[in-house]
Every structure is written in structure tokens, then in C-alpha cells.
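Undergrad: Provide a 3D model corresponding to the input given below.
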Amino acid sequence: MLLNCDLGESFGAWKMGLDEHVMPHIDMANVACGFHAGDPDVLAQTLKLVNTYQVTLGAHPSYPDRQGFGRRSMQLSEQEIVNALHYQIAAIEGMAKVQGLTLNYVKPHGALYNDMMKSQRILSCVIKAISHYPSELKLMVLATAQQASHQQLADDYNVSLIFEAFADRLYTDEGLLTPRSEAGAVHDKSALLAQVKQLHQQGSVTTASGKSLSLRADTLCVHGDNEASIALIEEIRNVINQ
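TA: Presented below is the predicted three-dimensional model:
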């Protein structure tokens, strides 16, 4: 199981995450494209790290919501979503080419990610946007109980999916992430490592109601916000490698 992390989310003098420390421990980098975080200098520096550590590069586009860090849903038309995605993907792909890198996939950020997993209309819109982009790109989505239908929808547009699971989040019976506003939505360290072990060895998670839910995950999302999270990534890697 590959490890992915959201990176390049600093902006100007404001620093978010320890990108230079997390990069050696991951396989896939979801790099911000400027709409929720990031700027040209941060993007160039993050891509330099991607190049140094030979990490698979993904675009991490969002709603145009810098003030809300992309965490607020927006009522955009289908064409507005397509245009926002194409704009951001093109920006990171162009900057990547300057450094001899190839963009491999797209993982929407924040509210756009959550909305596409709840709304067939928005998911279809995102898939269409990727299918109409001139470079062949994969789409990273949440592994849920509806994986088969999501795969069929993507197949209709010849878009390959990467299914993602979260180590630190409590799942609902539908395979969605429990909202952070609810108690117990974010696991402590012991519960996190137990969930990683269950995902890796059994291909399942235990939901909020205690149900065992089968999930086929290609990659696991981790975080590099501080020194403790970096150390935790190393422990996650050890669990996966056992």
C-alpha cells in the first residue's frame, strides 16, 4: 500500500507542513495548485523536492477558496468546476515540465473532494474534466462501499481511479469519513495504527457503528504537519512493511 500526502500548502511567509521532512517517507505527493494554498515559489520548491526524492506527482486542486483553505463548499456550475480544474492542473503540469517531471494523477482537495464523494453529479463533473484534459491522468478518490459504481463511472470516460483510505479518520457505514465536528472522528495514535493494520492485513475498517466494512485501497493518506506526524508516518510504514 502506497503512502500519499498533501503538500505544497504554504503561502508566502506562512508555512504549512514539514514538506522537506515528509517527502523521504512517502510514495505520492498531492501538491496544491494555488486555489486553496501554495504560490509559484512554493510550487517550484515542492516540485524540486518531488524531483529529489522521485515521488509520484499528483495535482491537488480545490474550489477557488483561498480564504477558507478550500474547506467550504461552493455552488459552481459544471463548466465552472471543469474550468477551475483545468486551470489548476495546467499550472502544476507546466511548472512540473520545467523541472522534467510528469504529472500522474489528480486528487481534489477539501470540500471539493468531500462533495464529489457525496454527489454523483460533482463526481461525474470531475471525471469529465480529467477525461477532457489533454494529458492522461488518473483520479484519486475515497475508497467507499460504492467503489464498484465509481469504477464503472470512471470506466465510461476511460479514466483510471486510485482508491484512497485514511489512517486517522473514523468511517461511517457507507465508507465516508465521519465529519471532524463529531466526537471521535479523528483517531488517536493507537486507533490509527490499528486501522492501518486492519486495512493492510484484512482489507477492511471498523465503522462508527462497529461494522466491518471491506475496502480496496491502493494508497493511504498520511499527514506531515509536525514532528510527531513525521514519526507516525515511519510507524505506519513499518506496519505496512511487516
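Undergrad: flag the shaky bits of the chain, pLDDT-wise.
TA: Along the chain, segments meeting pLDDT under 70 are nowhere present.
Undergrad: identify the residues contacting the residue nearest to the spatial centre of the chain.
TA: Residue closest to the average C-alpha location in the chain (CA atoms, centre = their mean): K107, at 4.7 Å. The contact partners of K107, taken as CB atoms under 8 Å, 6 or more residues apart in numbering, are N4, D6, N30, G58, A59, H60, Y113, L139, M140, I162, E164. (Each C-beta comes from the backbone N, C-alpha and C, glycine too.)
Undergrad: show me which of those residues are buried.
TA: With burial judged by 16 or more other CB atoms under 10 Å, the buried subset of the contacts of K107 is N4, D6, N30, G58, A59, H60, Y113, L139, M140, I162, E164.
Undergrad: is the last one part of a helix or strand, or is it coil?
TA: Meaning E164. strand (DSSP: H, G, I helix; E, B strand; the rest coil).
Undergrad: now do the strands in this structure.
TA: 2-7, 28-32, 56-60, 103-106, 138-142, 161-166, 204-206, 212-214, 219-222 (DSSP state E).
Undergrad: and those strands, which is most packed in?
TA: Among the strands of the chain, ranked by average contacts under mean count of other CB atoms under 10 Å, first place goes to strand 28-32 (a mean of 27).
Undergrad: and it, which strands flank it?
TA: Looking at strand 28-32 with DSSP bridges, its partner strands are strand 2-7 (parallel), strand 56-60 (parallel).
Undergrad: still on that earlier bit, make JSON lines from the buried ones among the contacts of K107 and add distance to A91 to it.
TA: Formatted as JSON lines, the buried ones among the contacts of K107 follow (distance: CB to CB, whole Å):
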{"residue": "N4", "distance to A91": "20"}
{"residue": "D6", "distance to A91": "17"}
{"residue": "N30", "distance to A91": "15"}
{"residue": "G58", "distance to A91": "14"}
{"residue": "A59", "distance to A91": "9"}
{"residue": "H60", "distance to A91": "12"}
{"residue": "Y113", "distance to A91": "19"}
{"residue": "L139", "distance to A91": "18"}
{"residue": "M140", "distance to A91": "18"}
{"residue": "I162", "distance to A91": "21"}
{"residue": "E164", "distance to A91": "23"}
